[in-house]
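**Student:** Take this sequence and fold it.
(2 chains)
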Amino acid sequence: MTVLMFGWEFPPHISGGLGTACFGLSMALREENIRLLFVVPKAYGDEYISLINASDVIVGQETEWVEKISQEKMEGSKQISVPSNLRPYSMSEADEMLEEWNWQFISESREKVKTKEGIRFNFTGKYGPSLLDEVKRYADVASVIARENDFDIIHAHDWLTYLAGIEAKKVSGKPLVVHVHATEFDRAGVLNIDQRVFEIEKTGLDEADRIIAVSQWTKDIITEKYGIDPAKVKVVHNGVMPPEDTEFTAIPRIGDHVVTFLGRITYQKGPQYFIEAARKVLDYFPEVHFVMAGSGDLLPAMIEQVAKMKLSSRFHFTGFLKGKQMNQVWSVTDVYVMPSVSEPFGITPLEAVEAGVPVIVSNQSGVAEVMDHAIKVDFWDTNALADAIVNVLKHKSLSESLKVNSKKEIQSLTWQRAARRINQLYHEL
Amino acid sequence: MNSEQQYLNLYFQVHQPRRLKKFHFLDVGSDKKYFDDDLNKEIMNRISKHCYLPSNELLLKIIDQHPELRITFSISGTALEQFERYAPQVLHSFRQLAETGSVEFLGETYYHSLAYFISNEEFIEQIGLHRQKINELIGVSPTFFRNTELIYSDVIGSTVAELGFSGIYIDGIERILKGESPNALYRHPEKELVLMPRNYRLSDDIAFRYSDEHWSEWPLTGKKFASWLYSIPSRDRIVNLAMDYETLGEHKKVESGIFDFFQDFLMAILHDNRIRIVNPSEVSKLLPAEKVISSERAISWADDARDLSAWLGNDMQRDAFGSLYKFHDFIVRSENRKLVDTYRHLLTSDHFYYMSTKKGADGTVHQYFSPYRSPYEAFMNFMNIISDFELRVKKKRRRTVFREANEINSLVA
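**Tutor:** Residues are numbered from 1 along each chain as shown, chains lettered A, B, ... in the order given. Okay, here's the model as predicted:
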């Protein structure tokens, strides 16, 4: 069976969990004897997927297609302006410099963008303003790719690729599987939904022959907020990849008790609840240090909030971290906290567990569904969160049990398991 | 002496901070150095070439022809030590200027710091360190004072007077002058201390507006500027122009004509006998300081607000400063010279200036001086260094406690 798969990013050029999930899933599907034509809008040539046998996946081809089409359509130019408040990668102007500081690959990509027929992309590399254009252009490219290739199923990951998936379905008549890793309700919250993104998501979910949700939490959003028939939606939890290389340079501990937040610093991840809980912990336990690792549009506001509470000497902002730096941070972390407001899955707690760190996660996360050996609290309940933090720090018995049991528990959370289930779903179509 | 004689004082501030390295959280505890001495060297060499050397040379040349010229400098200790390390020829030319007898050097805090807001003792200590340094390198003992960025209040004035300084520079802003002219000398409400207000409008005409092509007076020539001084009413006896020395050739590049402007202006004043150029110690003996000026709240010459908000205006700045404040007593008591020196370098006002989130024209000036791309970056970098510093201090504390315990044990034994 051959699957035409549309993604948006691929390791090592990733900004969030989507690329990592696509990679894990691709590797495992290959073991299931699925032939993948994996398309990304921008290939850099050094993606991990090039490890896959060229007869299984033709990597160079999609890049070639994208470039060819871009070049064909380069004549003429019409400027269109696109409102810039688009998530997930949008940034307000004031914080842009800070973003660039950490999101290096984003700024790298700015020079490499092409123009196309009738539309001149004013690509500033800010991802946000031209993202919607990119999504539509991606769909144009998809129809060409679908026409030129043979495949049995189309599989599209997240709203950025839904239009591409639909286009491919139109051209080929093959069934479309839409894989929901996150929805606009997770990213933006109910009050800040970007209607344009919502429309694309809704269209994709309506047009799909099968929907894969990464958790029951996400399935509920799909059925309740998008009005989709629950029977069409199947839950397949993500897997976690075994750490490839855990060697890193040891770093000294900043203090005897270190609590870490690691993820994009955005509304969705609930950084403000982490800070609120930290304040409560510090009232009780003044020697605790808090690490806030990651970057995002709320970083400046979070720095200011911490400064306002005069806690800067106990709070450490690291900016965006790369692979080994994450291991370094895990090595000095006593407890990891993921207070997400709405987390479709949440791979980071599993990475923390893998690194031997006990975790506290919010009930509003998909990962909470698959982990029994984690402390779970409601994201808004900062008293409960503070209490959990203090207890894990104080009681070695508790932190050791969490550490040992959760590590055992996640052994079964593999991409192989997810791929097997997805392969079944393919065959049902 | 003509009782209607008008005077002009020109005071230039010479300062370079010791800028910090990029210091990531993962560097905390790694023994990485705090100061980016490669960058500091590079900047010092550049500014020496563009500003300090040619400007000093120009002044030496004019003084040679017109020994009656007077120029006032204040050189921060952090600039002096960087001249010593990276640009000894600049020190040499300042010494030559000192030897002409035409130049007065002011006292200030060694670290160009916010030391007063740590404690009176810290402030006094840093003034003493500066006095030693400038005596050692330039061979002078200042008797007139300027505090970091002209930060001033009555209590600061009292301390400065108690240290034996005869006067201090302040910014001549309306809310302090309360209708009085900036072009006069004033006195402290209680102490024997002359207050020299800076004429900020005329100073900023050179320091900021000079290169602004949209300014109605652009292009400004030396003669035109001199004519503005002549039009000052005769009851106004002294005009002080004060600005960064780096205005000459660094903030305003040589292509802007700033050197020609400056030379033309000086020559115009020197060739015309209406205005006499003076230094502050001299003029405070020549002119009475009759009226009292009082400021309970701290003022400064920075930003539109001209208060402390350039350095301690937002929560990040205050928290960063507060975090540093907490160690002060322990550090000073440690009597570890290197630790104390590092600590004091962290108190340099510039580090806090970089963390300002002000927008508009003020924000542009903050950004011009900042080696960081954003105030948040400046803050995170500074706090990572503070974290590292805190770790070092903790280790030190443990060793101290250990040593003391051993001493006690040996006594008991």
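**Student:** Show me the shaky parts of the chain.
**Tutor:** Chain wasn't specified; assuming chain A. A:13-16, A:42-130, A:244-246 (pLDDT under 70).
**Student:** look at chain B instead
**Tutor:** B:1-3, B:402, B:404, B:408-409, B:411-413.
**Student:** For the residue in the stretch 51-200 of chain B that chain A sits nearest to, give me its contacts.
**Tutor:** For the stretch 51-200 of chain B, the residue closest to chain A is residue B:117, as judged by CB to the nearest CB, at 15.5 Å. No exception for glycine: its C-beta is placed from N, CA and C like everyone else's. Shown in contact with residue B:117 (CB atoms under 8 Å, 6 or more residues apart in numbering or on different chains): B:308, B:312, B:321.
**Student:** Pull the number of nearby residues for residue B:394.
**Tutor:** For residue B:394, the count of nearby residues is 12 (other CB atoms under 10 Å in any protein chain shown).
**Student:** again with residue B:407
**Tutor:** Around residue B:407 there are 10 residues (other CB under 10 Å).
**Student:** From chain A, how far out is it?
**Tutor:** As for residue B:407, its distance to chain A is 27 Å (criterion: CB to the nearest CB, to the nearest Å).
**Student:** any idea which element that residue lies in?
**Tutor:** helix B:375-412 (DSSP states H and E).
**Student:** which strands and helices sit next to that helix?
**Tutor:** Identification of packing neighbours for helix B:375-412 by 3 or more CB pairs under 8 Å, 6 or more residues apart in numbering or on different chains; DSSP states H and E yields helix A:96-102, helix A:299-308, strand A:315-319, helix B:315-334, helix B:337-346.
**Student:** Any chance of these in a markdown table with distance to residue A:133 and mean neighbour count as columns?
**Tutor:** Formatted as a markdown table, these follow (distance: least, CB to CB, whole Å; neighbours: other CB atoms under 10 Å in any protein chain shown):
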| stretch | distance to residue A:133 | mean neighbour count |
| --- | --- | --- |
| helix A:96-102 | 19 | 20 |
| helix A:299-308 | 26 | 20 |
| strand A:315-319 | 29 | 23 |
| helix B:315-334 | 36 | 19 |
| helix B:337-346 | 47 | 17 |
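**Student:** closest one to residue B:355 among those?
**Tutor:** Residue B:355 sits nearest to helix B:315-334 of all those, at 4.9 Å, using CB to CB.
**Student:** touching chain A at all, the closest one?
**Tutor:** Yes - using CB under 8 Å from any CB of the partner chain, helix B:315-334 reaches chain A at B:315-316, B:318-320, B:322-323, B:326.
**Student:** got the angle for that helix vs helix B:337-346?
**Tutor:** Angle between the axes of helix B:315-334 and helix B:337-346 is 160 degrees (criterion: axes from the mean of the first three to the mean of the last three CA atoms, to 10 degrees).
**Student:** Over to the nearest residue to residue A:362 once chain neighbours are set aside. Which of the three states is it?
**Tutor:** Using CB to CB, 6 or more residues apart in numbering or on different chains and skipping the chain neighbours, the partner closest in space to residue A:362 is residue A:379 (4.0 Å). Look at residue A:379: counting by DSSP: H, G, I helix; E, B strand; the rest coil, its state is coil.
**Student:** Then the one 10 residues further on?
**Tutor:** The local conformation at residue A:389, judged by three-state DSSP, is helix.
**Student:** pretty sure it contacts residue A:281?
**Tutor:** Yes - taking contacts as CB atoms under 8 Å, residue A:389 lies within contact range of residue A:281: 5.1 Å.
**Student:** what sits in contact with each of these two?
**Tutor:** Shared contacts of residue A:389 and residue A:281, counting by CB under 8 Å, 6+ apart, come down to A:259, A:288.
**Student:** higher neighbour count, the two?
**Tutor:** residue A:389 (27 against 22).
**Student:** gap between that one and chain B?
**Tutor:** From residue A:389 to chain B the distance is 20 Å (CB to the nearest CB).
**Student:** Which stretches in the chain count as strands?
**Tutor:** In the absence of a named chain, this looks at chain A. For chain A, strands defined by DSSP state E occupy the ranges A:2-6, A:35-39, A:153-157, A:176-180, A:210-213, A:233-235, A:257-262, A:288-293, A:315-319, A:335-338, A:359-362, A:375-377.
**Student:** not what I meant, chain B
**Tutor:** B:6-14, B:71-75, B:103-105, B:144-145, B:167-171, B:186-187, B:194-198, B:238-244, B:275-277.
**Student:** Report the buried residues of the last one.
**Tutor:** Right, strand B:275-277. Neighbour-count burial for strand B:275-277 flags B:275-277 (criterion: 16 or more other CB atoms under 10 Å in any protein chain shown).
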